[in-house]
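*Asks:* My questions are about this predicted structure, shown below with the sequence.
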Amino acid sequence: CKKNRCGQPPSSSGDEASRSCWRGQGLQKFPVLAWQLQGVEVQWMPSQYLLRQDGFRLCYTFRPTEVLPDGSHVVLGASWMINQELLFDIDGKRLGLTNSS
């Protein structure tokens, strides 16, 4: 993060890379992200939500989207599933998860 603040999420206009990538920063400079899903804390480590590109830039592995039908604004994607065991219960419309390490 720049000056202890994470950049603004990239938008559909302008230089997306300047708002979603950082040069010369080590992973230790970035926070562990955490949120509650039905009372269970889920952590997302910098090594999961950042990807090293060009050998020196760290870039977000997620992107904002147009508002989805459920009100979501961000798709986490496969990077969020790293080190997670997920069980998709399609019929029950549920998701089970646990840390795999």
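*Replies:* Done, it's in. Numbers count the residues shown, from 1 in each chain.
*Asks:* pretty sure Leu97 is touching Gln84, no?
*Replies:* Yes. Counting by Cβ atoms under 8 Å, Leu97 touches Gln84, with 5.4 Å between them. C-beta coordinates here come from the backbone N, C-alpha and C atoms, glycine included.
*Asks:* who does Leu95 bridge with?
*Replies:* Using DSSP bridges, the bridge partners assigned to Leu95 are Phe88.
*Asks:* Let's see the pLDDT reported for it.
*Replies:* On the pLDDT scale, Leu95 is placed at 84.
*Asks:* where in this structure is pLDDT low?
*Replies:* Where the chain drops to pLDDT under 70, the residues are 1-19, 24-25.
*Asks:* Dead centre of it: give me the residue that sits there.
*Replies:* Nearest to the geometric centre of the chain sits Tyr49, at 4.2 Å (Cα atoms, centre = their mean).
*Asks:* Name the nearest residue to that one, ignoring sequence neighbours.
*Replies:* Excluding its sequence neighbours, the residue lying closest to Tyr49 (Cβ to Cβ, 6 or more residues apart in numbering) is Thr61, at 5.4 Å.
*Asks:* what ranges do the strands span in the protein?
*Replies:* For the chain, strands defined by DSSP state E occupy the ranges 21-23, 33-37, 40-44, 50-53, 57-60, 63-64, 74-75, 84-89, 94-99.
*Asks:* So which of the ones you listed has the densest surroundings on average?
*Replies:* The highest average neighbour count among the strands of the chain, using mean count of other Cβ atoms under 10 Å, belongs to strand 57-60 at a mean of 18.
*Asks:* List every C-alpha atom in that strand, with coordinates, as CSV.
*Replies:* The C-alpha coordinates for strand 57-60 follow below in CSV (Å, rounded to 0.1, in the frame of the first residue of the first chain):
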residue,chain,number,x,y,z
ARG,A,57,5.3,-5.1,-9.6
LEU,A,58,2.8,-6.5,-7.1
CYS,A,59,-0.8,-6.3,-8.6
TYR,A,60,-4.2,-7.1,-7.2
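*Asks:* For the residue lying farthest from the centre of the chain, give me its contacts.
*Replies:* Distance from the C-alpha centroid of the chain, by Cα atoms, centre = their mean, peaks at Asp91 (26.7 Å). Contact partners of Asp91, counting by Cβ atoms under 8 Å, 6 or more residues apart in numbering, are absent.
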